[in-house]
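Undergrad: below is the sequence, then the predicted model.
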Number of protein chains: 2
Amino acid sequence: MLQVTDVAADAAACCTPLTREAIDADRAEDLARKLKALADPTRLRLVSIVAASEGEEACVCDLIEPVGLSQPTVSHHLRILMEAGFLSRSKRGTWAYYKLVPGALGQLSQLLDVTASRPVVE
Amino acid sequence: MLQVTDVAADAAACCTPLTREAIDADRAEDLARKLKALADPTRLRLVSIVAASEGEEACVCDLIEPVGLSQPTVSHHLRILMEAGFLSRSKRGTWAYYKLVPGALGQLSQLLDVTASRPVVE
DNA sequence: CCACTATATCGAAGGTTGTCAATATTGAGG
DNA sequence: CCTCAATATTGACAACCTTCGATATAGTGG
C-alpha cells in the first residue's frame, strides 16, 4: 500500500477546520498522516525548493546537493511526500521530476485556519 | 529546556511562506518542530476539543475520556502541545486548564499557504 | 496533619523514523 | 548487447515516540 487514493482521501478530509468542532478519530488520523509527512526539516526543504523552482518542479539530481544528504535518503523523503499527496512524479528519460500537487498545501493550510472556523461567535 | 521563548521563535518563523523561496535549514528545523507537535492523531483531537470548548479552554479531566488514553499519556501530549506554543496552561485549584494560544494555529496555516506566496507570477 | 483528588513525572517496552552503504532497476548511447 | 548515469529499493542500526503502570507532587477539606 504505497499510493493511497489521494483524491478520495482529500475530499473526505477537506473543508471542516480543526477548531469549529472536535474532529473524530478517523479524520484526526488522516490529518496526522499528512502533517507527519511534512513534519521533517529535510522534507520541508524539499517541498520548499520544489515550490520555488521553475514550474514548481525539480529533478532529484538538483535536490541532493542542497539538502546535503545521500541520494537514497533524498529519494526516500520524496517518496513520503508523494504518498502524502504533496508531490507528484514524472519521469523524463533517466531523470525523475517531482512537482508540487496544486491544492495540497493550501488545503492543509485551510484545515488549520482558526479564523475560518469561528462562525460569528455566539 | 522545556519552555522555549515562543514569542521570539514565532516572530522569526513568521510571515514568509514555504513556497515563495527555499527556506533555510534553521527555519525548516523550526517549522518541523511545530508540525511534529501537531502531527499526532491524539494531539490533533486534544487541540480540536480545546478549540471547540467554551472559551477555547478545557480541563485535563474533561480531555481524558474523549481521547480514551491514560491520564499520564494525555498529560504528556498536552505538554508537547504547550512546549510547541499551541496551548497554554493555567491552574485553578487542583485543576489544570489548557487554552488555545490565540495566533498559533493561524500562523502555521499562513506559512503553508501557497496562494499567499505566489507574488503575481512573472 | 491526614486523606483524597487532580495532575505531573519517571522508567520501561514496543513500535516507528531517519540515515547510510550496498544493490537493484531503468533508460540512453555506443 | 554492454556500459554508464540517474533513481529506487533493501537491510541494518541508532535515535526517537507513544504508551503504560507506578510513583511523586500539589491543592482541598476534614
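TA: That came through fine. Numbering: from 1, shown residues only, chains lettered A, B, ... in the order given.
Undergrad: please name the nearest non-neighbouring residue to the residue most central in space within chain A.
TA: Closest residue to the average C-alpha location of chain A: residue A:86 at 3.0 Å, with CA atoms, centre = their mean. Leaving out its chain neighbours, the residue that sits closest to residue A:86 by CB to CB, 6 or more residues apart in numbering or on different chains is residue A:104, at 4.9 Å. Every C-beta, even on glycine, is put in place using the N, C-alpha and C of the backbone.
Undergrad: what about that neighbour, neighbour count?
TA: Residue A:104 sits with 22 neighbouring residues when counted by other CB atoms under 10 Å in any protein chain shown.
Undergrad: what sits against the residue nearest to the centre of chain A?
TA: If a contact means CB atoms under 8 Å, 6 or more residues apart in numbering or on different chains, then residue A:86 has A:34, A:37-38, A:47, A:100-101, A:104-105 as its contacts.
Undergrad: how close does it sit to chain B?
TA: Residue A:86 sits at a distance of 10 Å from chain B (criterion: CB to the nearest CB, to the nearest Å).
Undergrad: next, that residue: phi, psi?
TA: As for residue A:86, its main-chain torsions (degrees, to the nearest 10) stand at phi -90, psi -30.
Undergrad: any idea of the pLDDT on it?
TA: Each residue has a pLDDT score; the one for residue A:86 is 98.
Undergrad: before we move on, the earlier item: most surrounded residue in the contacts of residue A:86?
TA: The most neighbours of any of these, using other CB under 10 Å, belong to residue A:47, which has 27 neighbours.
Undergrad: what helix or strand is it on?
TA: helix A:41-52 (DSSP states H and E).
Undergrad: try residue A:99
TA: Residue A:99 is part of strand A:95-100 when elements are defined by DSSP H and E.
Undergrad: what packs against that strand?
TA: Here strand A:95-100 is seen to pack against helix A:41-52, strand A:57-59, helix A:60-67, helix A:71-83, strand A:87-92 when contacts are counted using 3 or more CB pairs under 8 Å, 6 or more residues apart in numbering or on different chains; DSSP states H and E.
Undergrad: what angle sits between the fourth one and helix A:41-52?
TA: I take that to be helix A:71-83. Taking axes from the mean of the first three to the mean of the last three CA atoms, to 10 degrees, helix A:71-83 and helix A:41-52 form an angle of 70 degrees between their directions.
Undergrad: quick one: helix A:71-83 to strand A:87-92, angle?
TA: With the same axes, to 10 degrees applied, the angle from helix A:71-83 to strand A:87-92 works out at 120 degrees.
Undergrad: anything in helix A:71-83 near chain B?
TA: No: when contact is scored as CB under 8 Å from any CB of the partner chain, no part of helix A:71-83 falls within range of chain B; the minimum is 12.0 Å.
Undergrad: contact partners of that helix?
TA: Under the criterion CB under 8 Å, 6+ apart, residues A:2-4, A:37-38, A:40, A:42-43, A:46-47, A:60, A:63-64, A:67, A:87-89, A:98 lie in contact with helix A:71-83.
Undergrad: now residue A:42: how far from residue A:78?
TA: 10 Å (CB to CB, to the nearest Å).
Undergrad: can you list the weak-confidence ranges in chain A?
TA: Chain A contains residues with pLDDT under 70 at A:1-15, A:114-122.
Undergrad: residues from it in reach of DNA strand D?
TA: A:59-61, A:64, A:71-72, A:75-76, A:78-79, A:89, A:94-96 (CB under 7 Å from any atom of the strand).
Undergrad: top of the residues you listed by number of neighbours, please.
TA: Comparing those on neighbour count, residue A:78 comes out first with 22 neighbours (neighbours: other CB under 10 Å).
Undergrad: list the contacts for the residue lying closest to residue A:66 once chain neighbours are set aside?
TA: The shortest distance from residue A:66 to any residue other than its chain neighbours is 5.9 Å, reached at residue A:49 (CB to CB, 6+ apart). By CB under 8 Å, 6+ apart, the contact set of residue A:49 is A:58, A:62-63, A:66-67, B:22.
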